[in-house]
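S.K.: Sharing a model prediction with you, sequence too.
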Amino acid sequence: MKFSECFLPTIREVPKDAEAISHQLMLKSGMIRRLASGLYSYLPLGFKTLLKVIAIVREEMDKSGAQELLLPAIHPEELWQKTGRLSTLGEDMIQFKNRAGKNMILGPTHEEVITWLVSGEVESYRQLPLILYQIQTKFRDEPRPRFGVIRTCEFIMKDAYSFNASWESLDDSYKKIYQAYCNIFERCGLNYLSVEADPGIMGGDVSHEFMAPSEYGEDRVVLCSGCNYAASLDVARRKEGVVRKEEIREDSIKEVYTPGISSIADVSRALGVSIGKLLKTIIYRYDTGFIAVVVRGESDVNEAKLRKKLKSSELRMATASEIKSETGADMGFSGPLGLKLRIIADFDVRGISGAAAGANKKDYHLINLSEGKDFKIDEFCDIRNVKESDLCPECGKALKIQSAIEIGHIFKLGNRYSKPLEALFVDGKGKSSEIIMGCYGIGINRIAASFIEQNNDAKGIIWNSALAPYKVIIIATNIDDEEIFRKSKEIYKFLKESGLEVIFDDRTIRAGNKFNDADLIGIPYQIVVGSNYIKEGKFELRKRGQEVSLELENLDQILDNLK
């Protein structure tokens, strides 16, 4: 392809809201353009990279024994009603009525559709195991699209589903896809982690996330400094060890007037109590009613752990009116003393003395509280987010927390979807059973963005050969010079005939601008035909991201030095 014929609009300035490096560079290099919040067009350069990712994903999925199909992007609402997920996704789901007045959904994911399909086709254990996958556009009404193509309202996913006759068979399918994912990310050239994860709205018991470490990742992974323990923040455990033993203070409880003060930092200052001595009491609504959750002021409730503890499909913070009804006070003034709700607390709260908490009374807090003496907790458990000061549950060494982008997620679903959608099979003894399922997703767009996050410099993107839209760019420094132009065309023709993806910068612009664009776009190899060719008959081969270059005299030397 000749640069002069490309739709490749590079720019130097980007919008101020483009925080992530990948967002900035994808805009500047002409890979994407924003249509609306969370919606992006992929220009030819960006689409070529997506196709490279898709090709790798497809090859590895096919090697695993999975079969590709394509499912509708529009779903009838009743399938989602049967599984109970219509309300779970809530406002994230994009819904509409068709002209017949039927409620329809733009598919955010395809568990319901694929399970319905298989339920009508699979009858016997002889048809199992089965792994089906698709590469399809998904739709979610993201409340806060961010970081370019990392979090959008429309995105491309590879989603796969395994159908098995037993849990042992599911284990085998799970391992196959797990390995396929490792192969995919390694071939793409990503630095990635595999961590224990929370199944979330997908359901099931076992789940792993594949994460690409990145400063602008919205997810947090917990890693051990001494062993291989790794988990997402949602499920990360910490060593349950020494409970802080604090001498119970004999000071009497005091009620302190704190008008309009409800934030942790403001309460700490107003009461003269350290944040670690404050008790946050948060009221939650779940399947069977309300519950109070207590953690120390510097900690945050881990809702994934809480949901699992309560075995609840529905969990949310109580509204202001619900808090008023359950505690008698406005939001921000809840406390464990005198509450009639069931109270669970993190292990850190056990034995605390000289603490402060809401008084369950508008504009008042209590000080000099001691757990066990002044208030009682119904149950202690690991209910907060892990912090970097915590110790590894496996080896006892310090934990660290790292930002990352989720690029893949796999789940053991069990009968979460086969039961409500009646996906059954007859086993070898003639007994009808529910199919055991697994689910496996990869974010195609996120792979491209994650690679850029991890591979860039001040000049632009540094592509590898696996994902680069072109492998070689030929830069003719002076297109008006007949010898330079002739040699550049000769190299261009030779590389094309050799089967390489090559772009020839034949524009009549300054050489400096050509070099800037080549570095910005990040093509792995640059062949420069300039003054050296006129003087010595030599042209230059540069590797993007490296300072050293080679001087070559003939065409065959190019192929010998391309890796």
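M.R.: Thanks, I have it. Residues are numbered from 1 along each chain as shown.

S.K.: To what extent is Tyr229 buried, counted in neighbours?
M.R.: Tyr229: 19 surrounding residues under other Cβ atoms under 10 Å. From N, CA and C alone the C-beta is placed, and that goes for glycine too.

S.K.: hey, where'd the helices end up in this structure?
M.R.: Per DSSP state H, the chain carries helices over the ranges 21-28, 44-63, 77-83, 85-89, 111-119, 167-188, 264-271, 303-310, 320-327, 444-454, 482-497, 511-521, 531-536, 556-561.

S.K.: pLDDT weak spots in the stretch 201-350 of the chain?
M.R.: Applying pLDDT under 70 to the stretch 201-350 of the chain flags residues 201-205, 241-250.

S.K.: could you pull out the strands for it?
M.R.: Under the criterion DSSP state E, counting those that start in this stretch, the stretch 201-350 of the chain contains strands at 206-213, 219-224, 230-232, 254-257, 279-286, 289-296, 315-317, 343-346.

S.K.: Next, the angle from the second one to strand 206-213.
M.R.: It refers to strand 219-224. Comparing the axes of strand 219-224 and strand 206-213 via axes from the mean of the first three to the mean of the last three Cα atoms, to 10 degrees yields an angle of 100 degrees.

S.K.: Report the distance from strand 219-224 to the chain centre.
M.R.: Centroid separation for strand 219-224 versus its chain: 13 Å, with Cα atoms, centre = their mean, to the nearest Å.

S.K.: Does it pack against any helices or strands, and if so which?
M.R.: strand 193-196, strand 206-213, strand 230-232, strand 399-414 (3 or more Cβ pairs under 8 Å, 6 or more residues apart in numbering; DSSP states H and E).

S.K.: Can you name the residues that contact the most centrally placed residue in the chain?
M.R.: Closest to where the C-alpha atoms of the chain average out (Cα atoms, centre = their mean) is Glu406, at 2.5 Å. Glu406 sits next to Glu209, Phe210, Met211, Gly217, Asp219, Gly443, Arg446 when contact means Cβ atoms under 8 Å, 6 or more residues apart in numbering.

S.K.: hang on, the earlier thing: want to throw the helices and strands packed on strand 219-224 into CSV with distance to Gly522?
M.R.: Below are the helices and strands packed on strand 219-224 laid out as CSV (distance: least, Cβ to Cβ, whole Å):
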stretch, distance to Gly522
strand 193-196, 24
strand 206-213, 17
strand 230-232, 30
strand 399-414, 19
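
S.K.: Show me the one of these that comes nearest Pro44.
M.R.: strand 399-414 (23.7 Å; Cβ to Cβ).

S.K.: May I have the strands that pair with the closest one, each with its orientation?
M.R.: In the sheet containing strand 399-414, its partner strands are strand 206-213 (antiparallel), strand 219-224 (antiparallel), strand 436-443 (antiparallel), by DSSP bridges.

S.K.: can you list the strands of the stretch 201-350 of the chain in CSV and add distance to Ile367 and mean neighbour count?
M.R.: Shown next, in CSV, are these (distance: least, Cβ to Cβ, whole Å; neighbours: other Cβ atoms under 10 Å):
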stretch, distance to Ile367, mean neighbour count
strand 206-213, 42, 23
strand 219-224, 33, 20
strand 230-232, 36, 21
strand 254-257, 5, 13
strand 279-286, 11, 21
strand 289-296, 15, 21
strand 315-317, 25, 15
strand 343-346, 18, 21
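
S.K.: CSV for those strands, including distance to Phe139?
M.R.: Shown next, in CSV, are those (distance: least, Cβ to Cβ, whole Å):
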stretch, distance to Phe139
strand 206-213, 22
strand 219-224, 21
strand 230-232, 24
strand 254-257, 50
strand 279-286, 28
strand 289-296, 34
strand 315-317, 23
strand 343-346, 37
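
S.K.: nearest residue to Ala357 other than its sequence neighbours?
M.R.: Gly335 (3.5 Å; Cβ to Cβ, 6 or more residues apart in numbering).

S.K.: Can you report how many residues lie near that neighbour?
M.R.: 25.

S.K.: do the same with Ala100
M.R.: With other Cβ under 10 Å as criterion, Ala100 counts 6.

S.K.: and Cys6, how far is that from Lys48?
M.R.: 11 Å (Cβ to Cβ, to the nearest Å).

S.K.: before we move on, what about Ser274?
M.R.: In terms of Cβ to Cβ, Ser274 sits 56 Å off from Lys48.

S.K.: who's more crowded, the two?
M.R.: Legend: neighbour count by other Cβ under 10 Å for Ser274 and Lys48, higher for Lys48 (17 against 14).

S.K.: That one reaches Pro469, doesn't it?
M.R.: Yes: with contact defined as Cβ atoms under 8 Å, Lys48 counts as touching Pro469 (3.8 Å).

S.K.: out of the helices and strands packed on strand 219-224, which comes closest to Lys175?
M.R.: That would be, of the helices and strands packed on strand 219-224 and by Cβ to Cβ, strand 399-414, which comes in at 10.2 Å.

S.K.: avg pLDDT for the closest one?
M.R.: Averaging pLDDT along strand 399-414 yields 94.

S.K.: Flag every buried residue along it.
M.R.: Using 16 or more other Cβ atoms under 10 Å as the test for burial, strand 399-414 gives 399, 401-402, 404-414.
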